[in-house]
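Novice: Quick one, what's the 3D model for this:
(chains A, B, C, D, E, F, G and H)
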Number of protein chains: 8
Amino acid sequence: MGLTIYLSGEIHTDWRERVIEGAQGLDVTFSAPVTDHAASDDCGVAILGAEPDKFWHDRKGAQINAIRTRKLIAEADVVVVRFGDKYRQWNAAFDAGVAAALGKSLIVLQPPEHDHALKEIDAAALAVARSPEEVASVLRYVLTGALPAGA
Amino acid sequence: MGLTIYLSGEIHTDWRERVIEGAQGLDVTFSAPVTDHAASDDCGVAILGAEPDKFWHDRKGAQINAIRTRKLIAEADVVVVRFGDKYRQWNAAFDAGVAAALGKSLIVLQPPEHDHALKEIDAAALAVARSPEEVASVLRYVLTGALPAGA
Amino acid sequence: MGLTIYLSGEIHTDWRERVIEGAQGLDVTFSAPVTDHAASDDCGVAILGAEPDKFWHDRKGAQINAIRTRKLIAEADVVVVRFGDKYRQWNAAFDAGVAAALGKSLIVLQPPEHDHALKEIDAAALAVARSPEEVASVLRYVLTGALPAGA
Amino acid sequence: MGLTIYLSGEIHTDWRERVIEGAQGLDVTFSAPVTDHAASDDCGVAILGAEPDKFWHDRKGAQINAIRTRKLIAEADVVVVRFGDKYRQWNAAFDAGVAAALGKSLIVLQPPEHDHALKEIDAAALAVARSPEEVASVLRYVLTGALPAGA
Amino acid sequence: MGLTIYLSGEIHTDWRERVIEGAQGLDVTFSAPVTDHAASDDCGVAILGAEPDKFWHDRKGAQINAIRTRKLIAEADVVVVRFGDKYRQWNAAFDAGVAAALGKSLIVLQPPEHDHALKEIDAAALAVARSPEEVASVLRYVLTGALPAGA
Amino acid sequence: MGLTIYLSGEIHTDWRERVIEGAQGLDVTFSAPVTDHAASDDCGVAILGAEPDKFWHDRKGAQINAIRTRKLIAEADVVVVRFGDKYRQWNAAFDAGVAAALGKSLIVLQPPEHDHALKEIDAAALAVARSPEEVASVLRYVLTGALPAGA
Amino acid sequence: MGLTIYLSGEIHTDWRERVIEGAQGLDVTFSAPVTDHAASDDCGVAILGAEPDKFWHDRKGAQINAIRTRKLIAEADVVVVRFGDKYRQWNAAFDAGVAAALGKSLIVLQPPEHDHALKEIDAAALAVARSPEEVASVLRYVLTGALPAGA
Amino acid sequence: MGLTIYLSGEIHTDWRERVIEGAQGLDVTFSAPVTDHAASDDCGVAILGAEPDKFWHDRKGAQINAIRTRKLIAEADVVVVRFGDKYRQWNAAFDAGVAAALGKSLIVLQPPEHDHALKEIDAAALAVARSPEEVASVLRYVLTGALPAGA
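Specialist: Residues are numbered from 1 along each chain as shown, chains lettered A, B, ... in the order given. Next up is the predicted model:
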């Protein structure tokens, strides 16, 4: 048994690295969106030509990014969605909705202060974690049955 | 030809009423979440018993609300998602993700200042409208082929 | 908005009548398996011919009952599964699994003493109710947004 | 041709080992839930934090276990569900319902005294076996066409 | 609860009339292929132009008939397939395969002398009936819970 | 039995009217895209605001038209696609691809000179008709079993 | 590009060997039902215990064979169904129906004298071949683009 | 992460080679229809026997080609559809429709002079490219996050 896990959401902290670090030794394949913010924003116009209107500039980029995102969510067993402190992160919530509608196992990683605002998304999740290490522990248990030392 | 339309998102302004008003005379059926904020927050504990922990208080309510939301999104032809100025509105973005994954026609209603933050969701939509009246005009055209007077 | 609700499980108490009573005035359609225990057990051989072996006697009946059950679960928006005090009720748990896999909204109705034994099924449900009246209140809220008086 | 087989149900006897032993040499991949009873019960709180209320303690654990179960049933060709003598085993019946709704080939392993109580589940199965060795023989025949020696 | 029932197979006896007669008073909708043998064979060339080659003559007709068959099987709850004494009836067996793959409830109506030849199809059915009256009794029980008088 | 039929393709001749005329008296519901060419081209900018770039002008309109097209193809039993003598008609071929992938019954209406260019689409169709009257005759036969007078 | 091909139908001639021989060197994986007639008929009772009634003897066997058949058809890209001169071969026609409903590419292998009786099945197929060598040539062309020498 | 890409449409220029060249070093698998025009046109009669009527000659070939096309589109993550200057290319537009309905990521490769005629197909695409090199750059970015040098 192996798991394919898509790590969605916040791109400004090291949470992905910490999940991956915590999952060392497990039969897991991690994937993620392009996390280079500038490239992600400008890919559309950089490849397909400039747009004077920012709205279409964004559209071209968002659609190219969707080629990646669709594929990775579709082939994931588990989608982890991270909500951090900055930005509106509507695309993270959108990914959570896609994942839920496709029947993926959803894990939400978020601090307690967002509990109320995230209650609908949490209600669609199979786990709400507070740290990347908790996410890794969930994956370890799911794959091996092992609980964290000291638990 | 008729359309069933789910109106998701912001519950603190009269945008739903304005869409419905603008769509008068059309063969449309509108639906929405429970928009009584207090009832929506407390339905779980009010019906199934109190919870000392706010997290589970919210969970119980969000799951009961999901019975309604799932049904209405599943039977909608069009899902309109409104992003306003207040709150984080993650559940609106989540609904948009569910709608996209289910192949529903998605219309986003949002002010220009959120364009960049909503680019991924807009990229999954078939129309991005700036006012409830525009949403109504889209519905009118889709159903009848008529364009707004003066257009 | 209307709801179609399949009432699965225990057939020896009046819980179905109490749910239906509590839901009076709502836009709901209730359905249920054949609740005449003897007819349900013997329908196969009564219609298609006797079987000397009880195993095949049961098989013939269970398959005819499945024509009804499949249809009703497939067309339900909500499946309520009642676990009572008597019998093993494996078919109720089986119906819950079918409902969950088909993406139906699941409500479990069960006394607290079965909480631990039912934890996997409860975890797939959107509500765990303790009385038929609570089930009716959930349906009323989902359809109308109204909470129980005094709540 | 190979088969992926999920072994669901009873965790207190050696039936899984006996099926696996009997299937030696075949192109089969077996999977199972976490069968360490204590870990399975407590994984939620051990990883995601304690809960004072046993109901939510169980919920947290059952949802994490569902990440594993969903994945394994979804990728299985055959789901074997074992009903033993102890406990209510509602989760086994629930797994059978999920498997049936997903169109998996279902094999039920159960003693004759439960025939009547399991008639609905048996009616959804492609084989009802009385011993783990019979299950292994079914798998061997399905994969190789070979019948048991002496048959 | 109502049932939509597609009556497939043999077109040279009055079995359809007898099923319909036996189901009088029930909330049922029956459908069937075009049972005028000559029209069914020649519809393609009669409408879309003659073909000198019998193979394409047949193809044109069979594809037009498929417009009807696909629609009726897709919207049926129950598919009854009748195997009689004459002809090879491969299209009846084909309809049974389509119905099984679509998850329709399948009832086979056939005399005992075909039991062995039809064993794979019977194994996919929820009932094997010997007379049109038995089919009607199954429908009556499924819809009302009533068993035949004298049973 | 009734049929819902989507009439796709050419908008410059009276073929739709002739199909509808020929189908008088049948239990049919016809639908079509917006056939006002100017409105169809300009709906996007007329409702949602002007675009200086023709590419995005077209995009806005095409996406609004897609709200209608998706809905109508999704709910159709039969999709008739007409290829005429003028324009490239790639959207007609696109509709045919959508219809085929969704398992709709496809009827192609086209003159013989396009046979070779349309061979892949014809191969996915259940009928290739040469006149609107032939299409109507197919519908009449499918619904009633009646062949054209004189056939 | 590789193809997985299920070879269904007649088990009394060497047609499977001839298809496989003709496809040498191609990236193909062939599969088939258990073709040992006696084992196929008796597998149910040989493994799961004798049945005095031939009907249930057959049922037990047919259901075990269905575990294999379902899996192989589900994972096939192409289903070849052979109709020969002997027996009624209803299970071959049933497999063709299952394959068609699942959207598999269907190839029928049959002599011209059955053309009329098989017209509905042929109409659902992408090729009707007269010899195993033709089937192999179709597979070779589909995979490599090469036509038979001399063609 | 790897991508499987189906290259549909025009077969008379070297655009496929240029996309493949531009994608060197990426984890991609390309596929295409049979691009030998004569073989593609005549495969049906070359393998399954001559047809005097060109319509059926074409039909036989188109259906065999569909075995390949269906398989390759079904297993693709991305479908690139090229519209060139010659021929009507209705099969390219048909493939685009199939791809869209199956939820594949669609990239259209076409010169600006076809923008208006292709607006419905472009509106279903995630990228509209003007050169094979742009297609390759999209694939490179999607897989690696790298933008073209100088961008």
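Novice: drop to CA atoms for contacts and neighbour counts, all remaining ones
Specialist: Noted.
Novice: pLDDT on the lengthiest strand in chain A, on average?
Specialist: What stands out as the longest strand in chain A, according to DSSP state E, is strand A:3-9. Mean per-residue pLDDT for strand A:3-9: 98.
Novice: which residues are contacting the helix or strand containing A:Asp122?
Specialist: Assessed by DSSP states H and E, A:Asp122 sits inside helix A:119-123. Contacting residues not belonging to helix A:119-123 are listed as A:93, A:96-97, A:108, A:115, A:128, B:58-59, B:62-63, B:66, B:90-91, B:94 [C-alpha atoms under 8 Å, 6 or more residues apart in numbering or on different chains].
Novice: which one of these is nearest G:His12?
Specialist: Closest approach to G:His12 among the contacts of helix A:119-123 (C-alpha to C-alpha): A:Gly97, at 53.6 Å.
Novice: For A:Asp36, which non-adjacent residue is closest in space?
Specialist: Excluding the flanking residues, the one nearest A:Asp36 by C-alpha to C-alpha, 6 or more residues apart in numbering or on different chains is H:Gly145, at 7.5 Å.
Novice: ok, back up a step: name the strands paired with the longest strand of chain A and say parallel or antiparallel.
Specialist: Strand pairing for strand A:3-9, using DSSP bridges, gives strand A:28-31 (parallel), strand A:78-82 (parallel).
Novice: what's whichever helix or strand comes after it packed up against?
Specialist: Using DSSP H and E, the next helix or strand after strand A:3-9 towards the C-terminus is helix A:15-22. Counting contacts by 3 or more C-alpha pairs under 8 Å, 6 or more residues apart in numbering or on different chains; DSSP states H and E, helix A:15-22 packs against helix A:132-144.
Novice: In contact with the closest residue to A:Ser31 other than its chain neighbours, which residues are there?
Specialist: Of all residues not flanking A:Ser31 in the chain, A:Tyr6 sits nearest, at 4.8 Å (C-alpha to C-alpha, 6+ apart). Neighbouring residues of A:Tyr6 by C-alpha under 8 Å, 6+ apart: A:30-32, A:72-73, A:76, A:78-80.
Novice: and if you look at A:Leu143?
Specialist: Residues counted as contacts of A:Leu143 (C-alpha under 8 Å, 6+ apart) are A:1-3, A:26-27, D:68.
Novice: Are the strand or helix carrying A:Arg68 and chain D in contact anywhere?
Specialist: Here A:Arg68 sits within helix A:54-75, counting by DSSP H and E. No. Shown here: helix A:54-75 not in contact with chain D (C-alpha under 8 Å from any C-alpha of the partner chain), separated by at least 12.0 Å.
Novice: what's next to that helix, contact-wise?
Specialist: Everything outside helix A:54-75 that qualifies as a contact, by C-alpha under 8 Å, 6+ apart, is A:4, A:6, A:31-34, A:40-45, A:48, A:50-51, A:79, A:99, A:102, B:115-116, B:119-120, B:122-123, H:1, H:77-78, H:105, H:126-127, H:138, H:142-143.
Novice: try 6 Å this time
Specialist: Residues outside helix A:54-75 that contact it (C-alpha atoms under 6 Å, 6 or more residues apart in numbering or on different chains) are A:42-44, A:51, B:120, B:123, H:105, H:126, H:142.
Novice: I'd like the mean pLDDT over that helix, please.
Specialist: Mean predicted confidence for helix A:54-75 is 98.
Novice: List the buried residues for it?
Specialist: A:56-73 (16 or more other C-alpha atoms under 10 Å in any protein chain shown).
Novice: Pull out the C-alpha coordinates of it and format them as PDB.
Specialist: Output in PDB follows, covering the C-alpha atoms of helix A:54-75 (Å, rounded to 0.1, in the frame of the first residue of the first chain):
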ATOM      1  CA  LYS A  54      -4.400  42.200 -15.800                       C
ATOM      2  CA  PHE A  55      -7.600  40.200 -15.700                       C
ATOM      3  CA  TRP A  56      -6.700  38.200 -18.800                       C
ATOM      4  CA  HIS A  57      -3.000  38.100 -17.700                       C
ATOM      5  CA  ASP A  58      -4.200  36.200 -14.600                       C
ATOM      6  CA  ARG A  59      -6.600  34.100 -16.500                       C
ATOM      7  CA  LYS A  60      -4.000  32.800 -18.900                       C
ATOM      8  CA  GLY A  61      -1.800  31.800 -16.000                       C
ATOM      9  CA  ALA A  62      -4.500  30.300 -13.800                       C
ATOM     10  CA  GLN A  63      -5.600  28.100 -16.700                       C
ATOM     11  CA  ILE A  64      -2.100  26.700 -17.300                       C
ATOM     12  CA  ASN A  65      -1.700  26.100 -13.600                       C
ATOM     13  CA  ALA A  66      -5.000  24.200 -13.700                       C
ATOM     14  CA  ILE A  67      -3.500  21.700 -16.100                       C
ATOM     15  CA  ARG A  68      -1.100  20.700 -13.300                       C
ATOM     16  CA  THR A  69      -3.600  21.000 -10.400                       C
ATOM     17  CA  ARG A  70      -6.300  18.900 -12.100                       C
ATOM     18  CA  LYS A  71      -4.000  16.100 -12.800                       C
ATOM     19  CA  LEU A  72      -2.400  16.000  -9.400                       C
ATOM     20  CA  ILE A  73      -5.700  16.200  -7.400                       C
ATOM     21  CA  ALA A  74      -7.200  13.600  -9.700                       C
ATOM     22  CA  GLU A  75      -4.500  11.100  -9.100                       C
END
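Novice: Please state the offset of it from the chain centre?
Specialist: Taking C-alpha atoms, centre = their mean, to the nearest Å, one finds the center of helix A:54-75 at 14 Å from the center of the full chain.
Novice: what angle separates that helix from strand H:3-9?
Specialist: 120 degrees (axes from the mean of the first three to the mean of the last three C-alpha atoms, to 10 degrees).
Novice: Specify the angle between helix A:54-75 and helix H:132-144 in degrees.
Specialist: Using the same axes, to 10 degrees: helix A:54-75 against helix H:132-144 is 60 degrees.
Novice: what about chain A, any weak spots by pLDDT?
Specialist: Counting by pLDDT under 70, the ranges of chain A that qualify are A:151.
Novice: Let me know the next secondary structure element after the helix holding A:Asp122.
Specialist: Next along from helix A:119-123, by DSSP H and E: strand A:127-129.
Novice: And for chain A, the residue most distant from the center?
Specialist: A:Pro52 (31.0 Å; C-alpha atoms, centre = their mean).
Novice: ok, that one to F:Gly44 distance?
Specialist: According to C-alpha to C-alpha, to the nearest Å, A:Pro52 stands 19 Å off from F:Gly44.
Novice: With A:Val34 instead?
Specialist: A:Val34 is 32 Å from F:Gly44, by C-alpha to C-alpha.
Novice: cool, A:His57 as well?
Specialist: Taking C-alpha to C-alpha, one finds A:His57 at 18 Å from F:Gly44.
Novice: Now stretch A:37-53: buried residues?
Specialist: A:39-48, A:51.
Novice: So is that stretch next to chain H?
Specialist: Yes. Applying C-alpha under 6 Å from any C-alpha of the partner chain, one finds stretch A:37-53 touching chain H at A:Ala46.
Novice: That stretch: how far from the chain's middle?
Specialist: Relative to where its chain is centred, stretch A:37-53 has its mean C-alpha point 23 Å off (C-alpha atoms, centre = their mean).
Novice: when you scan it, is anything in it near chain F?
Specialist: No. Using C-alpha under 6 Å from any C-alpha, stretch A:37-53 never reaches chain F; the gap is at least 9.5 Å.
Novice: Show me what residue of chain A gets nearest to chain F.
Specialist: A:Trp56 (8.2 Å; C-alpha to the nearest C-alpha).
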